[in-house]
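Visitor: just coords:
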């Protein structure tokens, strides 16, 4: 009988952190990384400190300091979160750490739930820190645990970089026992290490560079990078592509798998020299391919750089099979070509029935008919489908893009939307700047009191910490006023009449104006037991004008020239206000 | 080359596709067999089209190549068509007799396909269509429709009835175990083996 468990990748990774005895955990939610802290915070008593931080830079610095104090620290984020944390990351290799410090940076090839397909391995080499790039869940679990030990051995932060298909896949996984001992942080003063003035940092940089050859050898010893020689042709695969290679590469072709960086060039050159043709397979940036081409002599190398594989998207066994066929490693494709059905109605994600964002977008479009609508990262990006989102680039950029558009001479009204968590992440800096530099714009804060899209993590607005302890609930009104905004209006977005009136009033004002639209996230409200009566359409009164249909709520359908309301209705009643014929009303139980 | 039995479970975010795939994963553990799964998380869950892939006896990656799935379990007729190309020739589909029209069909004024249109699009596929929601409702809760579908598909799945039932017991809330067991067995009985 085995003691394996069927686990989500992120849950297995979280368990590995417990096995390593992690003392300090911080991070900012982001798909596909969020479930690591979500798993750990379900049992917060076993970790001395765990927090959802306000952004990734804050999270990284908190955890780094804990590692300086000798604690084992974990910081988690999605790949684009590393951009926010890049400032401390770039110098943390110089200062090094005492306690094990692991940065979990979850990459998202194919941008399943992201704004780009950046490759965190580049960040690790940029910062000159080791990077573990697992091929599967068991690998991710085992690598995570070892990452804490290696961090202490090298005195450096270590990045662990799973991708979506590891974080959000499942498998039968062998777990170890959680550690029971924890460390208490103690800061030992050492300005030459922790104060990076030029005189110190020049010395630290040299020390960091001297560590690199040692790291390369040690990563081979640990078995992260493997080679199996089976013929004169070879496949070299990194990350999850190693699993795809094991699945489809024929037995007479050699395989090398890369699970950690930096790669030892001598080890790689030795493998390359024993083959005549080599196919390199890795998602996103051709990091391994670059290294292979550097050590190759007269071998024929196939990869992204000569068009054998795509630079974008995620790979799969069939992508691999295609590449094997193109470079002549196999004679026939093991997979038959199939075509998906064409012209089906699409089913994209959609704002929930009763979501507070929908009525806010509706009112914005009605009042600011000619307006420009910069937006931000969150569920409300789905306002795109309602024609109420004109830009989205990165966290917090709704406000800064709005002020940029306004200050460059554009004369139309600029009305941006940003969620409460995103506002606290990096939005507030933009607000301070917009007020200071004299922008003329409206900021709508979509305040549902929670970080909804990534699975309802609490934030300083929620009044509760990640561990369920009550915290002072932040006042967005006071914060905005402190930034110098004199016009701050708070409104219930279900009250469409007041919402429209507030927007019309605010439209007439000058300067930076803030509207806070506040209602709990409908999913949270339903889970908390909120019950409202459903609404219905009286078919005798409905004129079939479809104004309610254009509102875009998934609870409203249209059949045989009449609207109807299905059982997704949460009773927000906004559609009843929209209906010009007064055909929509609360259901009466008979 | 392929040794695993590959199942696609498709539906709409919120219908319980992940729980259904967990039942199969747990059943594999009961039998001590290796298993891999891949699923949709994040924003895609907000009422969008979702898929769970589960590979019984798989040792490597979690992804099923289109054209190779042995079984496709669809919680919605439209989603069955959307993922039809994942099924290998000769593969089996088990479909819930339900058609939720995407909101976009109403807002953009498309002519939505009817149930008959969709069944026509699946012509040539070996399939079973059951009313999983009705079976689950009769068993005690419409929320058990996902389990009724797994029950209906169980004739094709290479796991024993007892392992699958144990999988159900491990995955559903404790209070709902009897309802889900009944939904599973009634779903299973809805199809002649």
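Guide: Nice, thanks for sending it over. Everything quoted here is computed from the prediction, not taken from an experiment. Residues are numbered from 1 along each chain as shown, chains lettered A, B, ... in the order given.
Visitor: Pull the number of nearby residues for residue 46.
Guide: If you meant another chain, say so; for now it's chain A. Counted with other Cβ atoms under 10 Å in any protein chain shown, residues neighbouring residue A:46 total 14. Glycine gets a C-beta too; all of them are placed from N, C-alpha and C.
Visitor: my bad, the chain I had in mind was chain B
Guide: If you count neighbours by other Cβ under 10 Å, residue B:46 ends up with 20.
Visitor: doesn't residue A:453 make contact with residue A:34?
Guide: No - at 9.5 Å, residue A:34 and residue A:453 do not qualify as touching, with contact defined as Cβ atoms under 8 Å.
Visitor: hey, what's in contact with both of these two?
Guide: Overlap of the contact sets of residue A:34 and residue A:453 (by Cβ atoms under 8 Å, 6 or more residues apart in numbering or on different chains) is empty.
Visitor: Tell me which stretches of chain B form helices.
Guide: Counting by DSSP state H, one finds helices in chain B at the ranges B:17-30, B:77-82, B:103-107, B:115-121, B:132-139, B:145-153, B:161-171, B:177-189.
Visitor: Report the angle between the longest one and helix B:161-171.
Guide: Put plainly, it is helix B:17-30. Orientation of helix B:17-30 against helix B:161-171 (axes from the mean of the first three to the mean of the last three Cα atoms, to 10 degrees) gives an angle of 130 degrees.
Visitor: what packs against helix B:17-30?
Guide: Applying 3 or more Cβ pairs under 8 Å, 6 or more residues apart in numbering or on different chains; DSSP states H and E, we find helix B:17-30 packed against strand A:5-8, strand A:169-173, strand B:5-12, strand B:35-39, strand B:49-56, helix B:145-153, helix B:161-171.
Visitor: Of all these, which one is nearest residue A:421?
Guide: When these are compared for distance to residue A:421 using Cβ to Cβ, the nearest one is strand A:5-8, at 23.1 Å.
Visitor: What strands line up against that closest one, and which way round?
Guide: Sheet neighbours of strand A:5-8, with direction, are listed as strand A:169-173 (antiparallel) (DSSP bridges).
Visitor: Quick one: distance of the strand it pairs with to the chain centre.
Guide: Relative to its chain's centre, strand A:169-173 lies at 21 Å (Cα atoms, centre = their mean, to the nearest Å).
Visitor: which element is residue A:270 on?
Guide: Here residue A:270, judged by DSSP states H and E, is contained in helix A:265-273.
Visitor: can you list contacts of that helix?
Guide: The contact list for helix A:265-273, computed with Cβ under 8 Å, 6+ apart, reads A:216, A:220, A:225, A:227, A:229, A:234, A:236, A:254, A:256, A:278, A:291-292, A:294-297, A:299.
Visitor: so what's residue 57 up against?
Guide: This is for chain A. Contact partners of residue A:57, counting by Cβ under 8 Å, 6+ apart, are A:84-85, A:87-88.
Visitor: I was thinking of chain B, sorry if that wasn't clear
Guide: Contacts were defined as Cβ under 8 Å, 6+ apart; by that measure residue B:57 touches B:3-5, B:33-35.
Visitor: same deal with residue A:413?
Guide: With Cβ under 8 Å, 6+ apart, residue A:413 has these contacts: A:368, A:370-372, A:441-442, A:507.
Visitor: try residue A:369
Guide: Shown in contact with residue A:369 (Cβ under 8 Å, 6+ apart): no residues.
Visitor: looking at the helices and strands packed on helix B:17-30, which is buried most?
Guide: helix B:145-153 (a mean of 30; mean count of other Cβ atoms under 10 Å in any protein chain shown).
Visitor: pLDDT on that one, on average?
Guide: Helix B:145-153 shows a mean pLDDT of 98.
Visitor: and that helix, what does it pack onto?
Guide: Judged by 3+ Cβ pairs under 8 Å, 6+ apart, helix B:145-153 is in contact with helix B:17-30, strand B:69-74, strand B:87-96, strand B:126-130, helix B:132-139, helix B:161-171, helix B:177-189.
Visitor: With mean pLDDT added, can I get these in JSON lines?
Guide: As requested, those are exported to JSON lines (pLDDT from 0 to 100):
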{"stretch": "helix B:17-30", "mean pLDDT": "97"}
{"stretch": "strand B:69-74", "mean pLDDT": "98"}
{"stretch": "strand B:87-96", "mean pLDDT": "97"}
{"stretch": "strand B:126-130", "mean pLDDT": "96"}
{"stretch": "helix B:132-139", "mean pLDDT": "97"}
{"stretch": "helix B:161-171", "mean pLDDT": "98"}
{"stretch": "helix B:177-189", "mean pLDDT": "98"}
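Visitor: Adding distance to residue A:38 as columns, could you present the ones you listed in JSON lines?
Guide: What follows is these, written out as JSON lines (distance: least, Cβ to Cβ, whole Å):
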{"stretch": "helix B:17-30", "distance to residue A:38": "15"}
{"stretch": "strand B:69-74", "distance to residue A:38": "27"}
{"stretch": "strand B:87-96", "distance to residue A:38": "30"}
{"stretch": "strand B:126-130", "distance to residue A:38": "35"}
{"stretch": "helix B:132-139", "distance to residue A:38": "29"}
{"stretch": "helix B:161-171", "distance to residue A:38": "18"}
{"stretch": "helix B:177-189", "distance to residue A:38": "25"}
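Visitor: just so I know, which of these lies nearest residue A:201?
Guide: The nearest among the helices and strands packed on helix B:145-153, by Cβ to Cβ, is helix B:17-30 at 48.0 Å.
Visitor: hmm, back to that, and among the helices of chain B, the most buried is which?
Guide: Stretch with highest mean neighbour count among the helices of chain B: helix B:145-153 (a mean of 30; mean count of other Cβ under 10 Å).
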